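*Asks:* Predicted model follows, preceded by the sequence.
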Amino acid sequence: MTGSIAAYKACGIVSCLKGLGADVFVVMTESAACFVTPLTLQTLSGNKVHINLFDLPEEWELEHISLAEKADLILIVPATANTIAKLATGIADNLLTATVLATRAPVLIAPAMHETMYENSFTQANIKKLKEKGFRFVGPDYGELASGKIGWGRLAKNEEILESVKDILEIEKDMAGKVFLITAGPTHEYLDPVRFISNASSGKMGHVLAEVAKRRGAEVILVSGPTNITPPEGVETVFVESALEMEKEVIKRFPHSDVVIASAAVSDYRPDRKEKEKIKSNVRRKSINLIRNPDIIGQLGKRKGAKLLVGFALETRDLERNARKKMKIKNLDMIIANTPQAMGRNKATVNIFTKSGKKIFLRETSKEKIAERLLTELKILME
């Protein structure tokens, strides 16, 4: 626990974890102890509360080392901007940060702070750095803050935090031995050296799918169009720009794959020619002839054999009818259908349709949980 007004909510989490059978050891920063008393947490956890890095342990073992080795999971809730910054830079100047630095256990961070602190570029850079190192995050949520204002920075709901804890501790390597080929992001189809046709895809869904598949034991190949996202560690990533480049890389790797998830938003059309020089703005009228790009997923559907093929459908009307039609025409085993509102966000409302007729509706769910559910459904298809 760190020094946030949301610290009182951690008491309920400790109580729930105990109820689920967990052995809970509370480590508090000195600032956290200003909001909630150590005695409260000791009573709820049934274990000694740890605060000072330099306390003499009852038995001769360095406290931060023994706690780090004991942990199956370290949950930091609430996590302030200050503690997140320390973790991102490897600073270990208190018992909490020293324990994290010494552990090999997964670390789940639940941020809580004012919106301006959360959205500050330093905080966002620190969060990004920690995610790249394998740290997991839950929240923050949008809602009323301690200041009375409404915004991002509110601690995630206890149920959401507990669900993330369970996801991490109960994770199975159920995709071990499988090779996943995943596409992500948009494509850029250039008109001239500086202008291109594209779409609003951020690539988040594909990158999250790659991370989750890797975590569940799969060998993952990610073919990504242009994004601002750092690929997950341990994932073979191939960067492409155009639809033709993506087609080449996907077709090359397809024979060695067991599962293909085509989440990329590939441009349907490209200019019939790319001008060698920048098109001048003083040209009164410029017509651009477009030609069809290759149907990558359609090609895979014709030759998939025993492989599993998953597609995505972004629709503005008749979502289910159009998605099911696409699934049938392209010979997909599963399709995820959503609307343009899902693009660029961390959460989305999606429908999952399977070839067998199954329909799953997920309302305003994190893309990580969508990915987890998708892989769970794939596991069922593999059996």
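*Replies:* Cool, the structure landed. Keep in mind the model is a prediction, meaning the values are calculated, not measured.
*Asks:* same question for stretch 48-65, mean pLDDT?
*Replies:* Stretch 48-65 shows an average pLDDT of 64 in the prediction.
*Asks:* whoops, I mixed them up, stretch 341-359
*Replies:* Across stretch 341-359, pLDDT averages out at 86.
*Asks:* Would you mark the buried spots in it?
*Replies:* Burial within stretch 341-359, assessed by neighbour count using 16 or more other C-beta atoms under 10 Å, is assigned to 342, 343, 347, 348, 350, 351, 352, 353, 354, 355. Every C-beta, even on glycine, is put in place using the N, C-alpha and C of the backbone.
*Asks:* again with stretch 284-302
*Replies:* If you call a residue buried by 16+ other C-beta under 10 Å, then stretch 284-302 has these buried ones: 293, 294, 295, 296, 297, 300, 301.
*Asks:* Quote the end-to-end distance of that stretch.
*Replies:* Distances were taken as C-alpha to C-alpha, to the nearest Å; on that basis the terminal residues of stretch 284-302 are 45 Å apart.
*Asks:* and residue 117, which of the three is it?
*Replies:* Secondary structure for residue 117, judged by DSSP: H, G, I helix; E, B strand; the rest coil, is helix.
*Asks:* While we're on it, how confident is the model there?
*Replies:* For residue 117, the predicted pLDDT is 89.
*Asks:* Could you give the number of residues near the residue nearest to it when sequence neighbours are not counted?
*Replies:* For residue 117, ignoring the flanking residues on the chain, the nearest one in space by C-beta to C-beta, 6 or more residues apart in numbering is residue 81 at 4.7 Å. Counted by other C-beta atoms under 10 Å, the residues lying close to residue 81 total 22.
*Asks:* Wait, residue 81 touches residue 112, no?
*Replies:* No. With contacts defined as C-beta atoms under 8 Å, residue 81 does not count as touching residue 112, sitting 9.4 Å away.
*Asks:* check contacts around the residue nearest to residue 331 when sequence neighbours are not counted.
*Replies:* The spatial neighbour of residue 331 that comes closest, neighbours along the chain excluded (C-beta to C-beta, 6+ apart), is residue 301 at 3.4 Å. Contacts for residue 301 (C-beta atoms under 8 Å, 6 or more residues apart in numbering) come out as 309, 330, 331, 332.
*Asks:* contacting residues for the last one?
*Replies:* By that I understand residue 332. Shown here is residue 332, whose contacts under the criterion C-beta under 8 Å, 6+ apart are 297, 301, 309, 310, 311, 326, 355.
*Asks:* how many neighbours does the nearest residue to the last one once chain neighbours are set aside have?
*Replies:* Which is residue 355. Nearest in space to residue 355, with sequence neighbours left out and distances taken as C-beta to C-beta, 6+ apart, is residue 333 at 5.0 Å. Counted with other C-beta under 10 Å, the burial measure for residue 333 works out to 20 neighbours.
*Asks:* any idea how far residue 213 is from residue 333?
*Replies:* Residue 333 sits at a distance of 16 Å from residue 213 (criterion: C-beta to C-beta, to the nearest Å).
*Asks:* For the longest helix seen in the chain, list the C-alpha coordinates in PDB.
*Replies:* The longest helix of the chain (DSSP state H) is helix 367-382. What follows is the C-alpha trace of helix 367-382 in PDB, where atoms were taken according to Å, rounded to 0.1, in the frame of the first residue of the first chain:
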ATOM      1  CA  LYS A 367      -9.100  -5.600 -24.400                       C
ATOM      2  CA  GLU A 368      -7.000  -7.800 -22.200                       C
ATOM      3  CA  LYS A 369     -10.100  -9.600 -20.900                       C
ATOM      4  CA  ILE A 370     -11.500  -9.800 -24.500                       C
ATOM      5  CA  ALA A 371      -8.200 -11.500 -25.500                       C
ATOM      6  CA  GLU A 372      -8.400 -13.900 -22.600                       C
ATOM      7  CA  ARG A 373     -11.900 -14.900 -23.500                       C
ATOM      8  CA  LEU A 374     -11.100 -15.300 -27.200                       C
ATOM      9  CA  LEU A 375      -8.200 -17.600 -26.300                       C
ATOM     10  CA  THR A 376     -10.400 -19.600 -24.000                       C
ATOM     11  CA  GLU A 377     -12.900 -20.100 -26.800                       C
ATOM     12  CA  LEU A 378     -10.100 -21.100 -29.100                       C
ATOM     13  CA  LYS A 379      -9.000 -23.700 -26.500                       C
ATOM     14  CA  ILE A 380     -12.500 -25.200 -26.600                       C
ATOM     15  CA  LEU A 381     -12.300 -25.400 -30.400                       C
ATOM     16  CA  MET A 382      -8.900 -27.200 -30.200                       C
END
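*Asks:* quick one on the thing from earlier: which ones among the buried residues of stretch 284-302 lie within helices?
*Replies:* The helices, defined by DSSP H, take in 296, 297, 300, 301 from these.
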